[in-house]
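Chemist: Return atomic coordinates for the entry below.
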Amino acid sequence: MSLETLVEEIRRHGEAEEAALLARVKDESTRLLGDRDRRIVDLRAQAEQATATEVARERAQRVAAAKLKARKLLYEAREARLSAAIAETRDLLLQFTKSGAYPSVLKRMVQTATDALGPKVRISGRAEDATVLQRAAGKAFDPTPRAIVGGLVAETPDGNRRLNLSFDELLRLREDRVRELLA
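Modeler: Residues are numbered from 1 along each chain as shown. Modelled structure (predicted):
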């Protein structure tokens, strides 16, 4: 074997190795590029899914907050309307105290109080109702004025038992029922 043949053989062998290495590098870089592209697609899909989940969660929170605020505003509006209606009812009761039927109502209240607490009761009411109460209650009338819309308050002489038939108290006791009727 001559030197030229040996060099030619080494050169061919080197070229073959180089071609094999280049093919392997090309295959490896193709595989790496494919892996990279697959990972990019996977990461994008995960990011889109995470974004969609976060957007849905944020939207649900905002919708829930808006619904809660709407319910709160509705409740406040209803409560304001009912409070105004209760105040109007109070005004109507005050107007009733100026009507001709009011003295007969006071007389029936005096009778109810004496039936419930006995004949020896102290009956008091508004200063405006003093003459009507004096006539209806007689000696049981207590001239101490009460700060009420109308009606009367009856107590036993010892103060142990009390019957509050004032319009304020009657309205307060039945406020829930009045609210149901007005709602």
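Chemist: Quick check: mean pLDDT of stretch 23-42?
Modeler: Average pLDDT, stretch 23-42: 90.
Chemist: next one: stretch 58-65
Modeler: For stretch 58-65, the mean pLDDT works out to 94.
Chemist: chain center to that stretch: distance?
Modeler: 16 Å (Cα atoms, centre = their mean, to the nearest Å).
Chemist: Give me the contacts around that stretch.
Modeler: If you take Cβ atoms under 8 Å, 6 or more residues apart in numbering as the criterion, stretch 58-65 is touched by no other residue. In this view, the C-beta of every residue, glycine as well, is placed from N, C-alpha and C.
Chemist: For the residue most central in space within the chain, pull up the helix or strand it's in.
Modeler: By Cα atoms, centre = their mean, the chain has its centre lying nearest to Lys72, at 4.5 Å. Element membership for Lys72, per DSSP states H and E: helix 3-96.
Chemist: same for the helix or strand of the chain with the lowest mean pLDDT, what does it pack against?
Modeler: Ranking every helix and strand in the chain by mean pLDDT, DSSP states H and E puts helix 175-182 at the bottom, with a mean of 79. Helix 175-182 sits against helix 3-96, with contacts defined as 3 or more Cβ pairs under 8 Å, 6 or more residues apart in numbering; DSSP states H and E.
Chemist: With just CA atoms, put the next helix or strand after the helix it packs on into PDB.
Modeler: Moving toward the C-terminus from helix 3-96, the next helix or strand (DSSP H and E) is helix 102-117. Presented in PDB, the C-alpha positions along helix 102-117 are these (Å, rounded to 0.1, in the frame of the first residue of the first chain):
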ATOM      1  CA  TYR A 102    -110.700  59.300  68.100                       C
ATOM      2  CA  PRO A 103    -112.400  60.100  71.400                       C
ATOM      3  CA  SER A 104    -114.500  57.000  71.100                       C
ATOM      4  CA  VAL A 105    -111.300  55.000  70.500                       C
ATOM      5  CA  LEU A 106    -109.800  56.500  73.600                       C
ATOM      6  CA  LYS A 107    -112.900  55.500  75.700                       C
ATOM      7  CA  ARG A 108    -112.600  51.900  74.400                       C
ATOM      8  CA  MET A 109    -108.900  52.000  75.300                       C
ATOM      9  CA  VAL A 110    -109.800  53.200  78.900                       C
ATOM     10  CA  GLN A 111    -112.300  50.400  79.200                       C
ATOM     11  CA  THR A 112    -109.800  47.800  77.900                       C
ATOM     12  CA  ALA A 113    -107.200  49.100  80.400                       C
ATOM     13  CA  THR A 114    -109.500  48.900  83.400                       C
ATOM     14  CA  ASP A 115    -110.700  45.400  82.300                       C
ATOM     15  CA  ALA A 116    -107.000  44.200  82.100                       C
ATOM     16  CA  LEU A 117    -105.500  46.000  85.100                       C
END
